[in-house]
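> here is a sequence with its predicted model. Questions after.
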Amino acid sequence: MNNANISPFSRAKRTALSIGLLTTATLLTGCDLKSDDSPIVEPTPRNAVVQTIAPDYSSSEVAYIDFNTQTVTGDYYVKDKSDYTLTSYGTDVYHIGRRFIDTVTKYNSAQPDAEVFSFTTQDEGDASSRNPYTLVFANANKAYLIRYASSKVWVVNPNAADQSEFKIGELDLSAYVPENNANGTPSPSAGVVVDGKLYITMQRLSDSFKTNPAYVAVYDVATDVEVETDHNSDDNVKGILLTGRNPLEHNIKAAFGDVYITSRSTYGNTDLSLSMIEKIETSDYSLSKVLSAADITDNVDAFISTSEIVSTTKGYFVASKAGFNADNVWTTTSGLYEFNPSTGAIINSNVAETGSEEIAFISVDKSDFLWVSTRTPSAPGIDVINTKTNTKEGTRLLTHLNPGTIRFLD
Amino acid sequence: MRVNSLVFLSLFTLPFAGLVQASADDKSSLERIEVTGEHLMKSANYTLIPRSDFINKAQTLSDLLNQINGIQIRQISGIGNPVAVSIRGSSSKQVQLYIDGQLINDSQFGGFDLNTIPVEHIQSIELSKDQAIGTGATPIGGVIRINTYNAAKETLRLSAGLGSLGMRELNGTKNIIVDNGNVSVAVSHLKSDNDYDFLVKQPINNPGQSQVQKLRNNAFEKNTLSLNSELRFSRHQVRLNGQFTKQDKALPLYQNNAPSNKSSLSAEIGRVGVNYLYQPSTTWLEQIEIESYFDAKKERYIDSIDGINVGLARYKTDKTNVSIKPTILVDNFTITPFIDVNLQEFSAYSAYNAKPTSCNGFSACDVKATNNQWVWGTRVDWRDDSAPLTSHLLISQLTENSDNIALNQANSKKITNDNDFISGEVGVSYDWSTFTFAGALSHGVRMPTLFELYGDRGLFKGNGHLKPEQSNAVSLSVDYTQGTWSLNSSVYYKQVEDAIVATFNSSGIGSYGNISDANIAGWELQADYQLTQDITFYGQVNLVDSVSKSDFIAFNNKKVPNIFHQEFSAKLSYDMNSQWSFNINSQYSKGLYFNLPNTVEQHTQGNGNPSDRWLTNLQANWKHKAYSVSIGVNNVFDDKYQDLANRPAQGSNFLIKFSFEE
């Protein structure tokens, strides 16, 4: 990882932060901060909500998980279709219906059966499905709806009382539509807000689903104006040109002031070097490679599908490969790897006895537990890994259908 | 396709050049060579529906078959849309459809169009549950065999129909007796707007407010020409048949009903067949039957939702079939060894905005696939001279070789696959007094389709290791007829193994696998009672219990999807006089799951489970001499239920049919 492009100001800010953390850590280890005699409470995994999908894509449902009581309560938001995902904010849950569903439905975890609203994500005149991928929150009253099949990102009010109040603005990504895409979409796939900026990844697929160079557009959330990143003088767009290809959904994360993007590489492509984790320094929008799938020892066919950052020195990524198993069933197997985001070094492979099952999704909660959606046909469910010890906490939380997106609840 | 039309028209006209004039005044019925041995081939699970049972009725073939106990028909609403057939809990792919001895199921996707032949062009329909009809591989579900129009006497028939949603049809059939045979011609035109009221979830002009609108871009048009001729020369009989169909089906956009949507699927299908029957004078060789068919289908699929960007796919399927069946008599045995050879070739070509699509490992590739299938075996029928006891045994060896190559991919490799299977069945039937007892055992098969074996060469992966789906079934039945009563009760138990199901990983990459097994048990009861000379009651009960078994927890210990587990129906038929007759039929169906995990999304309509349906149909028929009128109203009480695609069904509809027949 190259630090040459880090500005003196940023380096000073990080140093101050590090000193502050060191001081705090020293104080914590040196004495008991609690004013009474209660034992120190170890952090525990959060509560979560999980989107689950039938293996044949025929149906889906949502499950609420209470790790502390080890309970999984399913049968929520049962649908005859499977193209759904979730976003959460506080105690609110947003159930997003994607291609040819085109809805966002809001619930609250205090009353999970009660629908707060259900709004369309189509503009008037939209004949094609705009395929909403995710909601990215700027704050409690403003969010961005990334729509995969549209160059227009909706700015929305997540507390709208009716449809007319839901959409409050638009961002225009049409500058990123590739020439070989007649449908007018740059295929925006994910977004994250950090330090008042919205970062949006775009796969930029052609009409035949071939990847073009991927970009990240940056917007100021206060003004909804795109930021000129000056990243690449050879193009005529404002955003950041990625090296990796095909950044998938859910794969842009904010961590410790920086932005991490995971790219899978083009499906059907055997080049592992384009499957990578990259970092954007938010101070100057510089881009650096953290690692690629080609860096995994003895890896010839596993591509990186997702990653999570726990600290500046600890992160996890999933590398997956597919093929027919001994029973002649098409199967994907995934390994969970630990890496150092600062150096790009891969530290551990097949963490917590992974490596023989498919991992669909990983997410780190505020207590630094890593939640892993594991899609084993006979025992689908969520494994929760203690990132301090790299071991599983408790037993697998079994779901009826295959688990996917995990979102945490306050 | 025009060249092919001329070819098969020539086949019919040339042989008759010297024969037609001789038959001008000859109105006698046709004397045919009796195809002996056929009556021995009927088993307990067999039903024959003659033309007279359906020809003057205002109903479709789907309406007709749905009244047979043990057969369930579900359809995507609208004429011309796909129909799924289930026989005793089977999937639609596990049912074989034959037209005049030609297997219609296509090798690429395994399906068939039940309504491929207009009702007016049908002479009779044969149905078999769990077993083959005559020879061939034993199916898992059963067989529907449509015998095309081939009248025994000179006739002229004209009919016209009008119905709901802009439905109109015109039909004409003519049968001419010639010196040594007959020539039949049938033409049909069918059109429907299919613009029924539909709850559009996100109307294009106001996507935030669901609205009931007339469904756009759902029209259907079909034109069919059928030709049949039969010639007899001493001990030889030659039958030629052919059919040409052109149909266009517009494809609606249910989500928003956009007027810009111009998607459609059109097809041109041509079939030519020849059946040769020879009955020598020997005592041991009853007959030799040789059949051959050629079938060519071209389809064009247009995907254009916004009317600007156009996805185009062309599919071509050619099928050739040859079968030979000698029938040998040995004492009380009728032995029919047989061999069927089926060759199919499928090719696909696609383009987007006039540019050929590329084969890049992601999107579906243009492919050429071939399937060569040999089915050979023997059927033995036995009849006891001293007792009303018959039995049959059928054993078939099925061998398939297939291959697939991507056409628009550099250095594409041809992938091949071989599969073979032995199927069999045995049946026995005994008449005692007014009872007929029957039992049957069958070991049936459904071979993987080419799509299941090879995928789309993009993100949907093929699985060359797929095993055929197979079943073991046992059935027992008893028929009782006494005076005004007729009862039929059947019980069956079926184990289905290696069901082929598509599963997907978290990236959306999928493949078929032998994922689950299922046990299906059922009871069918048919009770007919003649209340008076004019009034007859028909009652049916069809109860099915099923359970699936799979290593996939989501599919384990579930009900088999897409079948109604309970069906009850009652029909009252009233012959008022020699001219008028009426019938009312009410059928209650419940216990259907749309998917393997048995998840049910509750809708605002429906009777509990949104798939439950209660359909009441009325028919009024008038006939006087050569004229008849039939009026049919389906779903009289406009019951709300979900159709085959899990969308709200179209609701009540009517059909009026006017007929003239000499």
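That came in fine, so what should we check first? Just so you know, these numbers come straight off a predicted model, no measurement behind them.
> quick check: B:Ser586 touching B:Thr616?
Yes - using Cβ atoms under 8 Å, B:Ser586 is in contact with B:Thr616, at 4.4 Å. (Each C-beta comes from the backbone N, C-alpha and C, glycine too.)
> okay, these two: which has more neighbours?
B:Thr616 (19 against 16; other Cβ atoms under 10 Å in any protein chain shown).
> distance of the residue of the stretch 151-300 of chain A found nearest chain B from B:Leu394?
Closest residue of the stretch 151-300 of chain A to chain B, Cβ to the nearest Cβ: A:Gly268 (2.0 Å). From A:Gly268 across to B:Leu394, the span is 46 Å (Cβ to Cβ, to the nearest Å).
> what's the local residue count around B:Gly424?
B:Gly424 - counted by other Cβ under 10 Å - has 18 other residues nearby.
> partners of the closest residue in space to it that isn't next to it in sequence in the sheet?
Of all residues not flanking B:Gly424 in the chain, B:Ile395 sits nearest, at 4.5 Å (Cβ to Cβ, 6 or more residues apart in numbering or on different chains). Judged by DSSP bridges, the bridge partners of B:Ile395 are B:Thr378, B:Gly424.
> pLDDT wise, what is the residue of the stretch 151-300 of chain A closest to chain B at?
Note on A:Gly268: pLDDT of 76.
> ditto for the one 10 residues further on
Note on A:Glu278: pLDDT of 97.
> once you drop chain neighbours, what's closest to it?
A:Ile261 (5.1 Å).
> now the one you found: which helix or strand?
Element membership of A:Ile261, judged by DSSP states H and E, is strand A:258-263.
> next up, the contacts around A:Tyr76.
With contact set as Cβ atoms under 8 Å, 6 or more residues apart in numbering or on different chains, A:Tyr76 has these partners: A:61-64, A:112-113.
> let's see that with 7 Å instead.
A:61-64, A:112 (Cβ atoms under 7 Å, 6 or more residues apart in numbering or on different chains).
> before we move on, what about A:Thr306?
A:250-251, A:262, A:317-318, A:361-362.
> filtering these by proximity to chain B, which remain?
Contacts with chain B within these, as defined by Cβ under 7 Å from any Cβ of the partner chain: none are present.
> now, which of these lie within strands?
A:250-251, A:262, A:317-318, A:361-362 (DSSP state E).
> chain A contacts on the stretch 501-650 of chain B?
Residues of the stretch 501-650 of chain B lying near chain A (Cβ under 7 Å from any Cβ): B:501-506, B:509, B:511, B:513, B:551-554, B:594-597, B:599-601, B:646.
> so where is the chain shaky, pLDDT-wise?
The chain I'm using is chain A. Applying pLDDT under 70 to chain A picks out residues A:1-43, A:45.
> let me rephrase: I mean chain B.
Residue ranges of chain B with pLDDT under 70: B:1-44, B:603-609.
> swap in 80 and give it another go.
Within chain B, the segments meeting pLDDT under 80 span B:1-44, B:58-59, B:360-361, B:602-610.
> give me the most central residue, it.
For chain B, B:Leu114 is the residue whose C-alpha lies nearest the centre (Cα atoms, centre = their mean; 3.7 Å).
> got the contact list for that one?
Taking Cβ under 7 Å, 6+ apart, one finds B:61-62, B:83, B:85, B:97 in contact with B:Leu114.
> can you classify whichever residue of chain B sits closest to chain A by secondary structure?
Nearest residue of chain B to chain A (Cβ to the nearest Cβ) works out as B:Gly361 at 2.0 Å. Judged by DSSP: H, G, I helix; E, B strand; the rest coil, the three-state class of B:Gly361 is coil.
> list the pairing partners of the helix or strand harbouring B:Asp340 within its sheet, with orientation.
Using DSSP H and E, B:Asp340 maps to strand B:333-352. The pairing partners recorded for strand B:333-352 under DSSP bridges are strand B:311-330 (antiparallel), strand B:355-356 (antiparallel), strand B:367-383 (antiparallel).
> please identify the deepest-packed of the ones you listed.
Mean neighbour counts were taken over these using mean count of other Cβ atoms under 10 Å in any protein chain shown, and the top value, a mean of 20, falls to strand B:367-383.
> and the residue of the stretch 151-300 of chain A closest to chain B, how far from B:Cys359?
Distance from A:Gly268 to B:Cys359, by Cβ to Cβ: 9 Å.
> and the two? Which one has more around it.
Set A:Gly268 next to B:Cys359 and count neighbours by other Cβ under 10 Å: B:Cys359 wins out with 23 against 14.
> residues touching that one, list them.
Here B:Cys359 is in contact with B:365-366, B:406, B:408-409, B:457 (Cβ under 7 Å, 6+ apart).
> identify the farthest-apart pair in the residues you listed.
Largest separation among the contacts of B:Cys359 by Cβ to Cβ: B:Asn408 and B:Arg457, giving 9.5 Å.
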